[in-house]
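*Asks:* Test case, fold it:
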Amino acid sequence: MVITGISTASFFDTLMLEDAPALFRQWGVQNAEYYLNSWCEYDPAFVDRLAKETEDAGIRVIGVHPMSLQYEPLLFTPHPRQRADAMKAYELVLKAAERLGADHYVMHGPVVLNGVAKNLQLTRLAPIFDTLSDMAEDHGLHLTLENVSYSIMPTPEVGQTIHSLITRPLYHTLDIKQSIRAGVDPTAFVDALGEYILAVHACDCDFSGGKPRYCLPPRGGYDFKGLVDALQKKGFSGAVLLEAYSDMYRDKEELKGAYHALDHIINS
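*Replies:* Next up is the predicted model:
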């Protein structure tokens with residue numbers, strides 16, 4: 001049986017993070033990815049309270065995903081002071097993830113803006129992942145780089161290039177909607193990097209109107225089962241986490257139904 005759960009990113013601006021554990025317990029959701037929205041949620045006192053609420057609710061935290069634009073791009077800057085400050089933030093979130101018992105950290109990395117961004121040569125950037133992976137491992141975590149259409153790894157080919165330039169394993173979170181947004185079939189990431197994928201961000205996609213329309217499962221008919229089968233052939237034993245945008249549902253009961261539909265599709 002594949003682990004299923006929900007990312008609290010699905011509650012963006014509709015539910016405070018600390019209220020999620022109790023709601024998950026009511027819904028029968030046992031696994032979650034925690035999306036940390038802002039600096040106050042990196043604070044050790046807040047994390048301690050969140051950890052207690054999580055433990056009381058019996059929730060397993062699969063991964064921790066910070067608001068990446070707050071500091072992640074500066075982990076890769078050539079400016080030493082910028083990078084030093086970003087490393088302090090990264091270390092703070094790693095400590096939060098460790099306290100919450102998470103398995104991995106979800107990273108977007110540098111943002112790629114065509115014609116604007118500078119200093120994005122992979123030969124310079126890729127080795128930084130070795131340092132970041134070592135730091136994550138010091139806290140009992142795996143670093144996972146997510147495929148994001150506007151960030152460093154929009155395609156599996158870029159991922160393969162990064163792997164050729166680093167000296168230690170780098171893991172991945174596969175995001176279905178971001179893959180489709182980049183014009184890539186998610187199974188292409190599985191074919192190229194499947195043995196390194198630890199988690200999947202899942203929402204549905206309706207192609208009936210020509211242009212992809214993202215929606216809650218099972219409204220779009222995406223072949224989640226086929227994707228998981230392909231992953232399992234690569235040795236996948238991670239989690240498939242519902243990660244929706246909050247404008248995909250009118251009330252939280254819809255999100256609850258989508259989670260249970262996804263769980264049924266994958267594990268039936």
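*Asks:* low-confidence ranges in the stretch 1-150 of the chain?
*Replies:* 113-120 (pLDDT under 70).
*Asks:* Strands along that one, start to end?
*Replies:* In the stretch 1-150 of the chain, the strands defined using DSSP state E, counting those that start in this stretch lie at 3-7, 31-36, 60-66, 104-107, 142-146.
*Asks:* how much distance is there from the longest one to the middle of the chain?
*Replies:* Right, the one you point to is strand 60-66. 8 Å (C-alpha atoms, centre = their mean, to the nearest Å).
*Asks:* do the same with the second one
*Replies:* Taking C-alpha atoms, centre = their mean, one finds strand 31-36 lying 9 Å from the centre of the chain it belongs to.
*Asks:* Quick check: can you name the pairing partners of it and their directions?
*Replies:* Strand 31-36 has its sheet partners listed here by DSSP bridges as strand 3-7 (parallel), strand 60-66 (parallel).
*Asks:* what's the closest of these to G257?
*Replies:* G257 lies closest, by C-beta to C-beta, to one member of the strands paired with strand 31-36: strand 3-7, at 12.0 Å. Where you see a C-beta, it was placed from the backbone N, CA and C, and this is true even at glycine.
*Asks:* List the contacts of that closest one.
*Replies:* Strand 3-7 is contacted by residues 24, 29-35, 60, 62, 65, 201, 238-243, 255, 259, 262-263, 266-267 when judged by C-beta atoms under 8 Å, 6 or more residues apart in numbering.
*Asks:* I'd like to know which of those residues are buried.
*Replies:* The neighbour-count test (16 or more other C-beta atoms under 10 Å) marks 24, 29, 31-35, 60, 62, 65, 201, 238-243, 255, 259, 262-263, 266 as buried among the contacts of strand 3-7.
*Asks:* thinking again about what came up before, could you point out which of the strands of the stretch 1-150 of the chain sits nearest L122?
*Replies:* Nearest to L122, of all the strands of the stretch 1-150 of the chain, is strand 142-146, at 12.3 Å by C-beta to C-beta.
*Asks:* helix or strand right after the closest one?
*Replies:* Beyond strand 142-146 on the C-terminal side, the first helix or strand identified by DSSP states H and E is helix 156-165.
*Asks:* Which strands or helices does that following helix pack on?
*Replies:* The contact analysis (3 or more C-beta pairs under 8 Å, 6 or more residues apart in numbering; DSSP states H and E) places helix 156-165 against helix 122-138, helix 186-193.
*Asks:* related to what we said a few turns ago, would you list the strands paired with strand 31-36 in CSV and tack on distance to E137?
*Replies:* Shown next, in CSV, are the strands paired with strand 31-36 (distance: least, C-beta to C-beta, whole Å):
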stretch, distance to E137
strand 3-7, 22
strand 60-66, 15
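*Asks:* Mind checking the ones you listed for the one nearest to Y214?
*Replies:* Closest to Y214 of those, according to C-beta to C-beta: strand 3-7, at 14.2 Å.
*Asks:* roughly how far is that closest one from the heart of the chain?
*Replies:* Distance of strand 3-7 from the chain centroid (C-alpha atoms, centre = their mean) equals 11 Å.
*Asks:* State the distance from the nearest residue to T167 once chain neighbours are set aside to P186.
*Replies:* In space, and not counting its chain neighbours, T167 is closest to D130: 5.5 Å by C-beta to C-beta, 6 or more residues apart in numbering. D130 is 27 Å from P186, where distance means C-beta to C-beta, to the nearest Å.
*Asks:* neighbour-wise, which of these two wins?
*Replies:* P186 (26 against 16; other C-beta atoms under 10 Å).
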